[in-house]
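Chemist: below are the sequence and a predicted model; questions follow.
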Amino acid sequence: MRSPRAIAALLIFAASTLAGVYFATQLAVAYPPPIARPFGEALAINLTYYYLWGLLVPAVIFIARRFRFERGTLGISLIVHAFSSVVFTLAEIAVAEMILTLLRARHPGPKGFVDAITNNFHSSLPTYWVILFGYYAFDYYVKYRDRELRASQLETRLSRAQLQALKMQLNPHFLFNTLNTISSLMYSDIEAADRMMTRLSELLRLSLEKEASPEVTLKEEIDLLERYLEIERIRFEDRLRVRVEIDPAALEARLPNFSLQPLVENAIIHGIASRPEGGKLDIAAARRNGMLEIRLRDDGPGLSGEMPRREGIGVANTRARLSQLYGERHRFEMTNMPEGGLLVTIAVPFHTSDA
């Protein structure tokens with residue numbers, strides 16, 4: 001792989017060659033005698049001039065970096081560049097004429113040099129300014145791209161920090177509820193409390209393994225959710241009935257880490273736990289119209305009054321994380337079903353790599 005310096009040198013060589021060929025064609029075709037020259041001679045003259053300008057590019061850039069057209073230095077920079085453009089042009093013409101004399105493309109002598117200055121100074125001088133402003137344009141472009149990249153990186157880091165802060169709110173909330181349940185079982189069923197503690201440790205291990213990534217696959221999320229449901233089955237026994245239907249084609253789709261558990265927990269607390277007979281929870285996921293769509297339905301009382309009565313910290317946290325990751329490209333709905341119960345629908349863009 002070529003270094004940036006080698007690439008820059010090749011670009012300068014190519015630009016010098018292109019300029020030399022272009023102006024050689026002009027000298028051979030566009031001008032009347034005695035100014036016009038045969039194409040071979042015109043090419044030798046113009047390539048010599050523009051290859052020398054190519055060699056002067058680093059020197060022009062050196063001055064350009066130290067004397068920028070900025071507030072406070074505009075006057076001195078203009079004077080320096082005006083002086084430099086004259087000196088560089090005279091030096092470039094002098095060296096070019098020496099080379100052309102050696103190549104026998106010019107007649108030697110002071111008069112030939114004076115004629116060269118007279119004929120070429122005004123046409124050669126703008127080359128300095130073309131190089132100067134070409135460098136400034138490239139430099140500003142690079143700095144603009146760099147600022148864009150850094151802004152994007154900062155935005156990504158901020159987004160990840162916000163997601164991590166939201167997750168730190170979620171995990172203690174879930175842990176507090178589960179430990180409360182274990183504490184209650186310690187007085188009535190030691191064996192059940194022990195099984196619940198084992199499942200909790202498995203669940204926390206899975207959660208910590210995925211701590212670094214804001215997203216996991218649906219398969220990983222369902223595995224984690226199953227650990228949670230095992231804990232709740234110990235607590236509710238036959239009162240909790242769960243059916244999970246996952247389209248195999250959707251298993252590799254990604255969604256926010258630990259996003260389904262708070263929704264299931266919310267359904268159990270508000271839709272099932274308060275009923276002596278318990279209740280049923282259906283969880284389904286499939287790919288539809290380029291989206292991963294997940295539906296969680298319970299047969300509880302649904303929404304009554306204001307929605308916040310069924311939207312605690314876990315649900316609010318999931319809603320915020322979805323918004324943070326996907327913006328307007330997601331859907332989150334909580335609706336009452338006509339036959340009773342609550343349906344929660346999540347839809348996020350279907351993708352199999354990190355957002």
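Modeler: Sure, I can see it. Residues are numbered from 1 along each chain as shown.
Chemist: now residue 285: phi and psi?
Modeler: Here the main-chain torsion angles of residue 285 (degrees, to the nearest 10) amount to phi -150, psi 140.
Chemist: how many neighbouring residues does it have?
Modeler: 23 (other CB atoms under 10 Å). Where you see a C-beta, it was placed from the backbone N, CA and C, and this is true even at glycine.
Chemist: domain-wise, how is this protein divided?
Modeler: The record's domain parsing of the chain by automatic domain parsing lists 4-149, 186-349.
Chemist: just those: most buried one?
Modeler: Mean neighbour counts were compared across those using mean count of other CB atoms under 10 Å; the top stretch is domain 186-349, at a mean of 17.
Chemist: any idea what residue 256 is bridged to?
Modeler: Judged by DSSP bridges, the bridge partners of residue 256 are residue 215.
Chemist: now residue 271: closest residue in space, sequence neighbours ignored.
Modeler: Sequence neighbours aside, residue 300 is the residue nearest to residue 271 in space, at 2.4 Å (criterion: CB to CB, 6 or more residues apart in numbering).
Chemist: who's in contact with the one you found?
Modeler: The contact partners of residue 300, taken as CB atoms under 8 Å, 6 or more residues apart in numbering, are 267, 270-272, 274-275, 279, 341-342.
Chemist: 6 Å instead, please
Modeler: 271, 279, 341 (CB atoms under 6 Å, 6 or more residues apart in numbering).
Chemist: got it, and residue 37?
Modeler: Counting by CB under 6 Å, 6+ apart, residue 37 makes contact with residue 27.
Chemist: could you rerun that using 10 Å?
Modeler: Neighbour list for residue 37: 24, 27-28, 31, 43-46, 105 [criterion: CB atoms under 10 Å, 6 or more residues apart in numbering].
Chemist: quick one, phi/psi of the residue nearest to residue 271?
Modeler: In terms of degrees, to the nearest 10, the main-chain angles of residue 300 are phi -80, psi -160.
Chemist: off-centre distance for stretch 179-186?
Modeler: 45 Å (CA atoms, centre = their mean, to the nearest Å).
Chemist: could you give the separation of stretch 257-276 from the chain centroid?
Modeler: On the basis of CA atoms, centre = their mean, the separation between the geometric centre of stretch 257-276 and that of its chain is 36 Å.
Chemist: report the separation between the residue nearest to residue 278 when sequence neighbours are not counted and residue 337.
Modeler: For residue 278, ignoring the flanking residues on the chain, the nearest one in space by CB to CB, 6+ apart is residue 239 at 2.7 Å. In this view, residue 239 and residue 337 are 20 Å apart by CB to CB, to the nearest Å.
Chemist: now residue 53
Modeler: Between residue 53 and residue 337 the distance, using CB to CB, works out to 78 Å.
Chemist: so which strand or helix has residue 332?
Modeler: Element membership for residue 332 (DSSP states H and E) is strand 331-336.
Chemist: next SSE downstream of that strand?
Modeler: Following strand 331-336 in sequence order, the next helix or strand is strand 342-349 (DSSP H and E).
Chemist: dump that following strand to PDB, restricted to CA.
Modeler: In PDB, the C-alpha atoms belonging to strand 342-349 read as follows (Å, rounded to 0.1, in the frame of the first residue of the first chain):
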ATOM      1  CA  LEU A 342     -53.200  -5.800  26.800                       C
ATOM      2  CA  LEU A 343     -51.100  -6.100  23.600                       C
ATOM      3  CA  VAL A 344     -47.600  -4.600  23.600                       C
ATOM      4  CA  THR A 345     -46.000  -4.300  20.100                       C
ATOM      5  CA  ILE A 346     -42.400  -3.500  19.400                       C
ATOM      6  CA  ALA A 347     -41.100  -3.000  15.800                       C
ATOM      7  CA  VAL A 348     -37.500  -2.200  15.100                       C
ATOM      8  CA  PRO A 349     -35.500  -2.200  11.800                       C
END
